[in-house]
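Student: Sequence first, predicted model second:
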Amino acid sequence: MAAGDTSTGRRDAATVSDWDLLAADRLRAQAVPRPGRSFWQDVWSRFISRRMAVFGAVILILIALLAVFGPSLTGRSYNRQESSLANIPPVLSATEFAGQANWFYVNPSLKVIEVTPDGHLVRQVPQVSDDMLTKRAIFEADGTAVQLDYSRQPPVLLGADGQPGERTHLVWNADYRLGTDALGRDVLTRTFYGARISLAVALVATLVNALIGIIYGGVSGYVGGAVDTVMMRIVDIINTIPLALYVILVKVVLGSGGFSSIVIALASVYWVDMARVVRGQALSLKNQEFVLAARTIGSPPGAILRRHILPNALGPIIVTGTMLIPSAIFIEAFLSFIGIGIAPPMASLGTMANDALATLRSSPYQLLAPTATICLIMFAFNFVGDGLRDALDPKLRA
Amino acid sequence: MTIRKMIAAASLAALALTLGACADEPSDEPAKSGGQAGAQEIVFALHNTPDGIDPNITSNSFAAPIIFNTFECLVTYSTTDGALIPGQAESWDISDDGLTYTFHLREGLKWSDGSALTASDFVYSAQRVLTPSTTAQYVGLYTDYVVGAQELYDDASQTDGLGIKAADDTTLTIELKAPTPFFIDIVGMWAWSPVQQATIEANGDQWTNEAASYVSNGPFKMDEVNLGESYVLVKNPNYWDAANVKLEKITFRMIPDPSTALAAFEGGEIDGQLTVPSSDIARLKTSDSGLVVTPAYSTTWYNINNAKAPYDNPLVRKALSLAVDREALVNEVLQNGGTPAFSPVAPGYSVDGVEYSEGRSDFGLSATADPEAAKAALAEAGYPGGEGFPTLQLSYYTDDTVKLMTEALADQFETNLGINVEISNEDWAVYYDNVQAGNYEVGAMGWGADYFHPMTFLQLLQTDDVNNNVFYSNLEYDALVIQAQAETDPAVAMDLMRQADELSAAEYPVLCLFYRANMMLVSPELKGVYRTVLNNLYFRSAYLEG
């Protein structure tokens, strides 16, 4: 409707009382009382008016940026191990001894780490002896001995004279902002790589849904009849087998695990939900007048599908897509978590969570980064999905 | 010839004999027993479901706690010092030529169902193992040593030739092909325990699946079989030494994840667990929590496929061996206090006070990595700086500890050799099939001894041995091993074994990492649990205190 040029509202008749009948006015009867906007402008304005949706979108962009550029910011690699600096948390409780420039931190594996006062890790202090009976280990730091008394909980660091240190400080780990894992790898860098995998999975899921799911569902719904029955039974069969089984099968066939088997499994079966949604839309749209009109003038089925049915089904398609993506991300994380996903040493949020589980009791911080990231990504996608659903629903037009 | 008893190589490492003592220290921690106070009932967590609990069939070490507590062989191991002691046999005589063993069974032995157990039950068990359709995995424990065993295995009609005979109800004679000084250790393996003919004929291969049909002769008998969940054992009143068995009930609960089990242990739900998660060892050491470290006669290594280029080149294998930082692996990554290993044969065996590994060469290896020498070896093999070296396929079986170890190794190979490494993993069953088929390049493995003698390790590298999964072949080595096997003088035999060991280890057939120790958790109230160096866990002297 092209009516944007006559924006005259009833406020112009300021002299007329709100409760009086308006005089019949042929010109004004056709007036559109507010600026006209295209459908997508509407969608956009509704989307950005939803705070959570915008928040989700910002988070997603942020995570995507960090996933791409994060590793170069930390300057570390996902698999470089520094086993002498394993299991060091983001915040260290370091003991200061008189006459020593650096402080000392005892990690959960009872190793003593030398730390500078501004939080840089110097090295693991070599152990000289360990007396199991008195539960006392001696470490040699720059000519002076440091004793570790682990008969108490928590273990206490003592100076060469057997006296506790002057004081303990809480310092931020300046070298590894989120700490290191059990092999001494940087948790922060690995989280970035994990996010990368998650977003790559999201991309694959999107592509698969867009390419296979939409076409398959559209054809099935539009053609209908026996073709529809056969195509949908195939979908039913695919749907009865859990994705984890496909991944295992693909892994066995390929002979190696890793990202490729997850991608292939996702690509081969992850479009069925989308196909169902599109088929339902096509079924209800194909008998509408505009489709009948197109058929009447002789449009080929492909064109009808492309020009008339799919654009009208776009709302449900986008909504289904944004709901399927987070679940694909979660599936990858879950498969990696149970050990049939990404092959080590590559970091995925799932494998990181699994690794952290083994050290949960001694180094709980390791679980935080991957799980928080999964949470953020899932929430963000769901907020965006909710926002899009509302924004794309013309019935909610305000 | 040997046996396969691939312990989850995972298991924690090291011959930390010094640690052994701290296990039994008394503690005043509050009681946390799984059973009721006063009732001699315990819950013990295992982490892997065995492939079966038929003593004739399985070679799976995961079955050991169940089989060794429900069955008893002719000989068994002391639960105070681990020495070999009489079991079902009261005594035995060995003929002067070392070829005939005569076992005198105890009087009045009974099966758990009350029926009499006689020498002919041992003969039946042997015949069952030697029937190919039984699919006994330890068949080599018979065919390698006993007269007529191989013949019977090949041809079922040859029963008369078998050198295992019941002279009367309590006398069992075994004739050997050649004098074998360590044969008495071999009859202590569960493949040699008797099984009851009646229940097997009545129930077929289902006899192990139900408590009523799982008739045994050991200190405990099966009370409940909940596949994949738990095995419940109760005291066997028909055991010859039942008067000295104090525990009434043992529940072996399957908790796959040791960390989960640890939570249960610290919550007082269970009284012990077989494996300790490596990240918690340091923490557990600080308290009197019941951490028990026992020496183990076993080695953890990575198989190198000797039949596959470029790993058929000893220089490449040497380069891999040199590139590994064993000390970091043991102290930092696994934190199990293991001892770096340069040869597959674990130390511990001694003759006349001389320990086997005394004066053994280090084969140019060191506890820490030697990147320079490793690179030099790789360059000498034709891959200077790792150039042109194909991507190394490093495989492991699904297990948290093994995964950690594999990731650490991969990083050390990449850093110290400049080669690319690709890691892959499979479940144990699939993984082991692949390893046996030679379908791997470098893969996690290890060996827990079946009997306390270096031969259990040395046989593994014999050409065409069924367990030679690295496909190493050295005829000179084979000759030395065969010679040592038949040598009756222990000192001379040890000398021969040392020569063979030196010969093979210098060619780096496997990537030796460390000698293990076993670590388990046992509640301070639970006394008398004994784990031998062979990783046999005995509960027959165990009791709850207080």
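Tutor: Nice, thanks for sending it over.
Student: Could you look up the SS state of A:Glu140?
Tutor: Secondary structure, DSSP: H, G, I helix; E, B strand; the rest coil: A:Glu140 is strand.
Student: Dihedrals phi and psi, the nearest residue to it once chain neighbours are set aside?
Tutor: Excluding its sequence neighbours, the residue lying closest to A:Glu140 (CB to CB, 6 or more residues apart in numbering or on different chains) is A:Val128, at 4.9 Å. Glycine gets a C-beta too; all of them are placed from N, C-alpha and C. Main-chain torsions, A:Val128, degrees, to the nearest 10: phi -90, psi -50.
Student: Pretty sure A:Phe139 is one of the things A:Val128 touches, is it not?
Tutor: Yes: checked against CB atoms under 8 Å, the pair A:Val128 and A:Phe139 is within contact range at 6.3 Å.
Student: More neighbours: which of the two?
Tutor: A:Phe139 (22 against 12; other CB atoms under 10 Å in any protein chain shown).
Student: next structured bit after the helix or strand of chain A with the lowest mean pLDDT?
Tutor: Lowest mean confidence among the helices and strands of chain A (mean pLDDT, DSSP states H and E): helix A:26-29, at a mean of 71. Later in the chain than helix A:26-29, the nearest helix or strand by DSSP states H and E is helix A:39-48.
Student: and the helix or strand following that next one, what does it pack onto?
Tutor: Remark: after helix A:39-48, the chain's next helix or strand is helix A:51-74, criterion DSSP H and E. If contacts are counted by 3 or more CB pairs under 8 Å, 6 or more residues apart in numbering or on different chains; DSSP states H and E, helix A:51-74 sits against helix A:39-48, helix A:187-208, helix A:365-392.
Student: chain center to helix A:51-74, what's the gap?
Tutor: 10 Å (CA atoms, centre = their mean, to the nearest Å).
Student: and what of stretch A:238-249?
Tutor: Chain-centre distance of stretch A:238-249: 22 Å, with CA atoms, centre = their mean.
Student: ok, and what's touching that stretch?
Tutor: Stretch A:238-249 has contacts (CB atoms under 8 Å, 6 or more residues apart in numbering or on different chains) with A:261-262, A:265-266, A:268-270, A:272, A:331, A:335, A:338, A:340-341.
Student: thinking again about what came up before, pick the most deeply packed of the helices and strands packed on helix A:51-74.
Tutor: helix A:187-208 (a mean of 22; mean count of other CB atoms under 10 Å in any protein chain shown).
Student: Now do the residue nearest to A:Glu140 against A:Glu96, distance only.
Tutor: 21 Å (CB to CB, to the nearest Å).
Student: what's the answer for A:Met323, then?
Tutor: 53 Å.
Student: ok so, going back, now for the helices and strands packed on helix A:51-74, which one comes closest to chain B?
Tutor: helix A:365-392 (9.6 Å; CB to the nearest CB).
Student: what angle separates the closest one from helix A:51-74?
Tutor: The directions of helix A:365-392 and helix A:51-74 differ by 140 degrees, with axes from the mean of the first three to the mean of the last three CA atoms, to 10 degrees as the criterion.
Student: Mind giving me the packing neighbours of helix A:365-392?
Tutor: Using 3+ CB pairs under 8 Å, 6+ apart: helix A:365-392 touches helix A:39-48, helix A:51-74, helix A:187-208, helix A:314-337, helix A:349-358.
Student: can you put those in CSV and add mean pLDDT?
Tutor: What follows is the helices and strands packed on helix A:365-392, written out as CSV (pLDDT from 0 to 100):
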stretch, mean pLDDT
helix A:39-48, 84
helix A:51-74, 91
helix A:187-208, 89
helix A:314-337, 84
helix A:349-358, 86
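Student: Can you lay out those as TSV showing distance to B:Arg531?
Tutor: TSV is the format used below for those (distance: least, CB to CB, whole Å):
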stretch	distance to B:Arg531
helix A:39-48	65
helix A:51-74	45
helix A:187-208	36
helix A:314-337	32
helix A:349-358	23
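Student: closest to B:Leu537 out of these?
Tutor: Closest to B:Leu537 of these is helix A:349-358 (CB to CB; 23.4 Å).
Student: Grab the CA positions of that closest one and hand them over as CSV.
Tutor: Output in CSV follows, covering the C-alpha atoms of helix A:349-358 (Å, rounded to 0.1, in the frame of the first residue of the first chain):
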residue,chain,number,x,y,z
LEU,A,349,33.2,-26.9,25.2
GLY,A,350,32.0,-30.4,25.7
THR,A,351,35.5,-32.0,26.0
MET,A,352,36.6,-29.2,28.2
ALA,A,353,33.7,-29.8,30.5
ASN,A,354,34.5,-33.5,30.5
ASP,A,355,38.2,-32.9,31.3
ALA,A,356,37.2,-30.5,34.1
LEU,A,357,34.8,-33.1,35.6
ALA,A,358,37.8,-35.3,36.4
